[in-house]
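In: Fold the following, please.
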Amino acid sequence: MDTPTLKSGVLPDEYLTITEVAARLKLKKKTVQNKMASGVFREGVHYFSPEGMRPRFKWDAVVAWMEQGKVRASQAEEDGIPMARGYKLGIPGD
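Out: Residues are numbered from 1 along each chain as shown. Okay, here's the model as predicted:
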């Protein structure tokens, strides 16, 4: 099985700091911290706090979180009931 590498041939970092995750997601550091505080990013799932270290995010878990939103949105599109004015009944935000 091949090991994933970036274009540069370097293995991508699996465990990232808050600052590194924010940079990859193109968010502010405070936004990531807010998501941690509100429970969007969960300790033990998305990030870990090893003794003596600040939190470290598992990149695969962050990617799974991002892609989960896409699946939910597409599933909602399929489950909605088409209405006369172009929206679908049962989809949040409509």
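In: Which residue ranges of this protein form helices?
Out: Under the criterion DSSP state H, the chain contains helices at 18-25, 29-38, 59-79.
In: Turn those helices into JSON lines, columns for mean pLDDT and distance to residue 50.
Out: Where you see a C-beta, it was placed from the backbone N, CA and C, and this is true even at glycine. Listed next are the helices of the chain as JSON lines, based on pLDDT from 0 to 100; distance: least, CB to CB, whole Å:
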{"stretch": "helix 18-25", "mean pLDDT": "95", "distance to residue 50": "14"}
{"stretch": "helix 29-38", "mean pLDDT": "94", "distance to residue 50": "15"}
{"stretch": "helix 59-79", "mean pLDDT": "72", "distance to residue 50": "15"}
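In: Just name the most buried of those helices.
Out: Scoring the helices of the chain by mean neighbour count under mean count of other CB atoms under 10 Å gives helix 18-25 as the most buried, with a mean of 16.
In: Go ahead and name everything in contact with that helix.
Out: The contact list for helix 18-25, computed with CB atoms under 8 Å, 6 or more residues apart in numbering, reads 13, 16, 28-29, 31-33, 36, 54-55, 57, 59, 62, 66.
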